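**Q** With the sequence up front, the predicted model follows.
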Amino acid sequence: MGRTQQPPCAVRRRLDDSFDDSSDGFSDDCYDVEATKESNTKESNGKQQQEILEGVEVVPLKKGSTGAAEAAKLGYQSKLISNWYHHRCRTCPARWSEFDNVDDEAEDITARNSQVPIIHRHTYVNKHWITDSVTFQDPAMRDVLAEVLHKYQDLDMELENWTLQPPFMPLVHRWDMMKRYQANVAAGTLKNAASALLAFLTPLLASSVLSLAQTKKTGKVNFQNTWQIFPPSSLVMTKFYGVDTICRVLKYKKRPEDRCNPEGWVIDMEFVDWNGENSGYATTSLTIWEFEGYRRVTSLPVFPISFLSDEHEVKEKMIERGRKFEKLRGYHFMLCHGTKILLETEKPEPRPVSGKVCVDAYAYYRSCNIIKPKWRSLFKENNEDVDEANPEDTEMPATLYQAEFAVAEVETSPAAKGPAERTEDLRALTEEQLLLASPWVKGFDMKSKEWCELRVDDLQDMTWNDEAFEKLVLPGGEKDLAWAFVENKSMSKAEFDDFIPDKGRGLIILMFGPPGVGKTFTAEAVAERSRVPLYMMSAGDLGTQPSDVEKALERALELCRMWNAMLLLDEADVFLGSRTNESLARNELVSIFLTKLEYYQGIIFLTTNRVSSIDHAFQSRVDLFLPYHDLTNEARRQVWENFIGRAGRDKFDLTEESLDKLSHLNLNGREIKNLIKSAQLLSLKRGGKVPMDRLYMLADKRVQALAALGGIEV
């Protein structure tokens, strides 16, 4: 039959089967239906179809079939399937039609097939008819699909007009559920609908279902089929800053290739985190970049935990860590020995940490002026209008998540809240939520003054040094006086106030005297006995520019308020000195310092070596002056004993006479501590106890050196 030039055609019902079999690629072969219909390159064979239908008494339909015979058996009229073929040719063969334009013809096809349960659309690609989409029109089939695909992430069949496209990911992931539904549902309309769906879908899904089964069997997957192992709501293993973490899959999507990166699969996930007020499902994403051949599933940067040989043991371990995370919500002053990840840098950096830390997400967001993230709540009553998480389309670095600022609320509290003033939702977590808990918590390194992520497993309860206060060497009753002031301040409820509200309600203790006589140690010992953090700063930490000083001081005072901490400002001479007309910049520093201290309501320790030059305005604000003097022989002997006992008395070959001899050397406490450390280092190679002569030699050499430098008199 000859062909005439025709305009491009759309969906068209074939009226004449007698076409030429000539082929010029795009145009003429468009109508070679009998030769190419349903010759899909991924078509499954009968053996494969029977394999995925194991345990179900359903006979799969042949591709291209209308299922007329099966329709009668299952209670449907006429046929189950209407096959539509999409022609997009530049030239079409001449043929007869009942309509004078193709639009009317397409509408007629739609109207006459409105009662057919399934519309199966086909498109012509590379000389083969392949499935383009499938629409399910039968109400009973829709009911079955609604049950089987319930809560499949980012899928609303109503919005999709009950239409799905290859590779039919939701149906592949819920294939076993579909079979169970058909086997268990009572005989009747829904069972017939489920049987019809299985019969129709088996040829379409067999290849993908078997591919997934093979991946589970071998533990290996190729890139194109990677999506198969990430059904929504499945649990996966990934790493946050190198630490194993379990997340739950939200969705997956293909990322196209661009000029900078190959194509990849983007896996969106959620895990449990704490924002200082609520626990919630935080979101993150990770990309699996294109790779050649097959890879072991467990070698991927994120993979299902079902592929782990020790899945049960791993879950138990993660749940136990989750219990620790659960206890770390709120504010906690703890010890941490391990690794921290700096947060106040452009790129998160791992650093070692060893010492005291404050675990407090609330303080982190407030102190760093970061908007607190608002996550999907763990509890249903808080998610009335939320059906699923809404992760940002951002990518997680290889170390940790970056999606915590996706949706947030602005902190409106006028003042920072202490632990007892906060409103925190600390309800118990379920076992699954414990499993999904983050392995990191936000905390503050008290030594380096840095906000960081702290690993949950590195944190341990605080061990308070009760001996510190007892070992503190102060003359007379000054030690007891200092403790009495602090104790009464901590216990007082009805405090004396200024005529101006909140002014002058703090406690300022000024310690002055030569270096190395115990000023800093006094503050440390009092804080240990009080069971509160000590926020230590030097003048160098505050800076020299007025704006920097004000900002740093505000931050320190606010943190101390939030943690009920004491503040130690060491070597504060530059802020305490008398104001003069010659140095306006320094005058501004002193004024800022005085103003901030006046309205602070906590306890502040200040140390200085230059008490004679303290500004008169500041002197009037000090609640307790503690003078320190050079150590007496008796006090020095006590310091020697304290540090030797701290290091381990059995490590030193000392007698009472040896201690008497050492106490007569004019050294301060800091120098004595350094000498103990040096003596231990020298004795490591030799082994055994530190001999008296070696320790005395080191001490005497130091005294002579200091005398030569003009530091002391021998």
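**A** Arrived safely, thanks for sending.
**Q** Do a quick rundown of the strands in the stretch 451-600 of the chain.
**A** Here the stretch 451-600 of the chain has its strands, by DSSP state E, counting those that start in this stretch, at 459-461, 507-512, 534-538, 566-570.
**Q** Return the most buried member of those.
**A** strand 566-570 (a mean of 24; mean count of other CB atoms under 10 Å). The way it works is simple: take the backbone N, C-alpha and C, and place the C-beta from them, glycine included.
**Q** Quick check: mean pLDDT of stretch 73-89?
**A** In this model, stretch 73-89 has a mean pLDDT of 81.
**Q** Actually, stretch 424-439.
**A** For stretch 424-439, the mean per-residue pLDDT is 95.
**Q** Quote the end-to-end distance of that stretch.
**A** 20 Å (CA to CA, to the nearest Å).
**Q** Run through who's touching it.
**A** Stretch 424-439 has contacts (CB atoms under 8 Å, 6 or more residues apart in numbering) with 235, 240, 243-248, 270-274, 276-279, 281-282, 315, 318-319, 321-323, 325-326, 329-330, 362, 378-379, 455-457.
**Q** and if you look at stretch 697-705?
**A** 662, 665-667, 671, 675, 678-679, 682, 712, 714.
**Q** Buried residues in that stretch, which are they?
**A** 698-699, 702-703 (16 or more other CB atoms under 10 Å).
**Q** Using CSV, list the CA coordinates for that stretch.
**A** In CSV, the C-alpha atoms belonging to stretch 697-705 read as follows (Å, rounded to 0.1, in the frame of the first residue of the first chain):
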residue,chain,number,x,y,z
MET,A,697,68.9,19.7,91.2
LEU,A,698,66.0,20.7,88.8
ALA,A,699,64.5,22.9,91.5
ASP,A,700,67.8,24.6,92.4
LYS,A,701,68.7,25.2,88.8
ARG,A,702,65.4,26.9,88.3
VAL,A,703,65.8,29.2,91.3
GLN,A,704,69.3,30.2,90.0
ALA,A,705,67.9,30.9,86.5
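**Q** Could you provide the strands of the stretch 451-600 of the chain in TSV, with additional columns for distance to W96 and mean pLDDT?
**A** Converted to TSV, these look like this (distance: least, CB to CB, whole Å; pLDDT from 0 to 100):
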stretch	distance to W96	mean pLDDT
strand 459-461	81	96
strand 507-512	102	87
strand 534-538	91	91
strand 566-570	94	91
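**Q** Compile the ones you listed into TSV and extend it with columns for distance to Q619.
**A** Shown next, in TSV, are the strands of the stretch 451-600 of the chain (distance: least, CB to CB, whole Å):
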stretch	distance to Q619
strand 459-461	41
strand 507-512	8
strand 534-538	21
strand 566-570	16
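**Q** Going toward the C-terminus from the host helix or strand of S285, what's the next helix or strand?
**A** S285 is located in strand 279-289, with elements delineated by DSSP states H and E. Counting by DSSP H and E, the next helix or strand C-terminal to strand 279-289 is strand 294-296.
**Q** on that earlier part again, which of the contacts of stretch 697-705 fall within helices?
**A** Using DSSP state H, the subset of the contacts of stretch 697-705 located in helices is 662, 671, 675, 678-679, 682.
**Q** could you flag which of those are buried?
**A** 662, 671, 675, 678-679.
**Q** could I get those as TSV with distance to Q49 and pLDDT?
**A** Output for those, formatted as TSV (distance: CB to CB, whole Å; pLDDT from 0 to 100):
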residue	distance to Q49	pLDDT
L662	92	83
E671	86	85
L675	85	84
S678	81	80
A679	83	77
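**Q** Could you list the low-confidence segments of the stretch 551-700 of the chain?
**A** 577-586, 612-613, 683-687 (pLDDT under 70).
**Q** Please, where are all the helices along it?
**A** Using DSSP state H, counting those that start in this stretch, the helices found in the stretch 551-700 of the chain span residues 573-576, 584-598, 616-619, 633-647, 656-663, 669-686, 692-708.
**Q** Kindly report the same for the stretch 351-500 of the chain.
**A** Under the criterion DSSP H, counting those that start in this stretch, helices of the stretch 351-500 of the chain are mapped to 361-367, 431-435, 467-471, 478-491.
**Q** contact partners of the first one?
**A** Same thing as helix 361-367. Contacts for helix 361-367 (CB under 8 Å, 6+ apart): 274-277, 331, 343, 370-372, 411, 416-417, 422, 424, 441-444, 451, 555, 558-559, 562-563.
**Q** Narrow the residues you listed to those in strands?
**A** 274, 372, 441-444, 451 (DSSP state E).
**Q** now the helices: where do they sit in the stretch 151-300 of the chain?
**A** 169-173, 175-184, 189-218.
**Q** For those, give me JSON lines that also has distance to L300.
**A** Below are the helices of the stretch 151-300 of the chain laid out as JSON lines (distance: least, CB to CB, whole Å):
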{"stretch": "helix 169-173", "distance to L300": "18"}
{"stretch": "helix 175-184", "distance to L300": "23"}
{"stretch": "helix 189-218", "distance to L300": "12"}
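**Q** Now the strand holding S285: buried residues?
**A** Those would be 279-288, for strand 279-289 by 16+ other CB under 10 Å.
**Q** again, but for stretch 608-615
**A** 608, 614-615.
**Q** now, among those residues, which is nearest to S658?
**A** Within these, proximity to S658 (CB to CB) peaks at T608, which comes in at 35.1 Å.
**Q** Check whether the closest one really touches I509, as I assumed.
**A** No - T608 is beyond contact range of I509, at 11.9 Å (criterion: CB atoms under 8 Å).
**Q** do you know how far Q115 is from A71?
**A** 11 Å (CB to CB, to the nearest Å).
**Q** Which neighbours do these two have in common?
**A** With CB under 8 Å, 6+ apart as the test, Q115 and A71 both reach Q77.
**Q** ok, those two, which is more surrounded?
**A** A71 (19 against 12; other CB atoms under 10 Å).
**Q** got the contact list for that one?
**A** 77-80, 117, 196.
**Q** Distance to L164 and neighbour count for the residues you listed - can I get that in JSON lines?
**A** JSON lines is the format used below for the contacts of A71 (distance: CB to CB, whole Å; neighbours: other CB atoms under 10 Å):
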{"residue": "Q77", "distance to L164": "24", "neighbour count": "11"}
{"residue": "S78", "distance to L164": "23", "neighbour count": "14"}
{"residue": "K79", "distance to L164": "20", "neighbour count": "19"}
{"residue": "L80", "distance to L164": "16", "neighbour count": "26"}
{"residue": "P117", "distance to L164": "14", "neighbour count": "26"}
{"residue": "A196", "distance to L164": "16", "neighbour count": "28"}
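**Q** Among those, which ones are in helices?
**A** A196.
**Q** now, which of the contacts of A71 sits nearest E57?
**A** Nearest member of the contacts of A71 to E57, counting by CB to CB, is A196, at 13.1 Å.
**Q** How about the contacts made by that closest one?
**A** By CB under 8 Å, 6+ apart, the neighbours of A196 are 67, 70-71, 74, 76, 80, 117-118, 138, 141.
**Q** Okay, H664 and A282: tell me how far apart.
**A** For H664, the distance to A282 - CB to CB - is 63 Å.
**Q** ok, how many other residues are close to W175?
**A** Around W175 there are 23 residues (other CB under 10 Å).
**Q** For L212, see how far away it is.
**A** 8 Å.
**Q** and the residue nearest to E349 when sequence neighbours are not counted, how many neighbours does it have?
**A** Counting by CB to CB, 6 or more residues apart in numbering, L342 is the residue found nearest to E349 once chain neighbours are left out, at 4.7 Å. Residues near L342, counting by other CB under 10 Å, number 16.
**Q** likewise S354?
**A** So S354, with other CB under 10 Å, has 13 neighbours.
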